[in-house]
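S.K.: Attaching a predicted model along with its sequence, questions to come.
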Amino acid sequence: MVRNIVILTGAGISAESGVPTFRASDGLWCGHRVEEVATPEGFEANPALVQDFYNQRRRQLALVEPNAAHHALAKLAAEWQHGEVLVVTQNVDDLHDRAHALTGTADRVLHMHGELLKARQIETGQVSDWTGDMAPDGDVRPHIVWFGEMPLDMERIYEALAESHLFLSIGTSGNVYPAAGFVQEARRSGATTVELNLEPSLGHSLFNEKILGPATEVVPAYVERLLNGEIKII
Ligand code: BJW
């Protein structure tokens, strides 16, 4: 019997690696207003500020490592025998990629909001790997999906949701669409829906089960139960 799993992750899965989440109580985005740094209009108005913001976050990636939650999902992708596993991350860090590379399952990760380690040619849209800083007056921008822009790989994601039997949402607040609507898509396909989060998300009532706790504890424990056959997926 085929049992496909789709996993949506957000900033909470990387928090214990030392990557800050977005929606802090001061309402600021690492000290900035969201309109300044995460919209095409903000980039047009002040490219130096936006490039500096992403340059700093790109540099920070060299200082952090995948944690037990990233590794647990990479293990699940490698060892799940009953169907497909797809990790759809809203995160622009490369922590899933590094963990999945170790289990040979890097193709099981989609970055719907882009990647810090990629650049996009402003004129042509061509995407390439990028590890250094970007200049404020250059011809590339961060390969990041800002507000008002279309998230990436949407066709593949909705197809996977339509064929999913288990949908896990890990460490995301449910503030940002279309990702916040995936749980409803999964429910429409008859999937069981489970939230793993430090605090309940905005859409918590749409989940069949809620498991509260830090990702590095609750995710490895849940993955072990899945791989041991302790969780029955209808
Ligand atoms: C822990 C933990 C621990 C902490 N362990 N957990 C309705 C439908 C469609 C679109 C819209 C709509 N309504 C409005 C829109 C437009 C807009 C939108 O959603 N606006 C809202 C603010 C209302 N959306 C868009 O513009 C998107 N594009 C779009 O919609 O195109 C058209 C379209 C329509 C229909 C279908 C398809 C397309 C684009 C959105 C792009 C978002 N980009 C950002 C910024 C990227 C740049 C950057 O990184 O700087 O992506 S926004 C920001 O939020 C970032 C994140 O990926 C995203 C989600 O945040 P996340 O991950 O949830 O983080 P936090 O901080 O909010 O939450 C942290 C969570 O972790 C919390 O729950 C904690 O409890 C938990 N946690 N520690 C476990 N240790």
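M.R.: Sure thing, it's come through. Numbers count the residues shown, from 1 in each chain.
S.K.: What is the neighbour count of residue 224?
M.R.: By other CB atoms under 10 Å, 14 other residues sit near residue 224. Where C-beta positions appear, they are placed from N, C-alpha and C, glycine not excepted.
S.K.: Is any residue of stretch 133-143 near the ligand?
M.R.: No. Counting by CB under 6 Å from any ligand atom, the ligand is not contacted by stretch 133-143; separation bottoms out at 7.9 Å.
S.K.: Give me the average confidence score over that stretch.
M.R.: Averaging pLDDT along stretch 133-143 yields 96.
S.K.: For the residue nearest to residue 32 when sequence neighbours are not counted, give me its contacts.
M.R.: Nearest non-adjacent residue to residue 32, counting by CB to CB, 6 or more residues apart in numbering: residue 53, 6.4 Å away. By CB atoms under 8 Å, 6 or more residues apart in numbering, the residues touching residue 53 are 30, 32, 37.
S.K.: I'd guessed residue 37 sits against residue 49; true?
M.R.: Yes. Applying CB atoms under 8 Å, one finds residue 37 in contact with residue 49, separated by 6.8 Å.
S.K.: picking up where we left off before, PyMOL command for the buried members of the contacts of residue 53?
M.R.: In PyMOL syntax, the buried subset of those is picked out as below (16 or more other CB atoms under 10 Å):
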select buried, resi 37
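S.K.: From the contacts of residue 53, pick the one nearest the ligand.
M.R.: When the contacts of residue 53 are compared for distance to the ligand (CB to the nearest ligand atom), residue 37 wins out at 6.3 Å.
S.K.: JSON lines for the contacts of residue 53, including secondary structure?
M.R.: What follows is the contacts of residue 53, written out as JSON lines (DSSP: H, G, I helix; E, B strand; the rest coil):
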{"residue": "30", "secondary structure": "coil"}
{"residue": "32", "secondary structure": "strand"}
{"residue": "37", "secondary structure": "helix"}
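S.K.: Can you list phi and psi of residue 195 for me?
M.R.: When read as degrees, to the nearest 10, the backbone of residue 195 gives phi -110, psi 130.
S.K.: Excluding chain neighbours, what is closest to it?
M.R.: Closest to residue 195 by CB to CB, 6+ apart is residue 207, at 4.2 Å.
S.K.: what sits opposite the residue nearest the centre of the chain in the beta ladder?
M.R.: Geometric centre of the chain, nearest residue: residue 89, 2.0 Å, by CA atoms, centre = their mean. Beta-bridge partners recorded for residue 89 (DSSP bridges): residue 9, residue 111.
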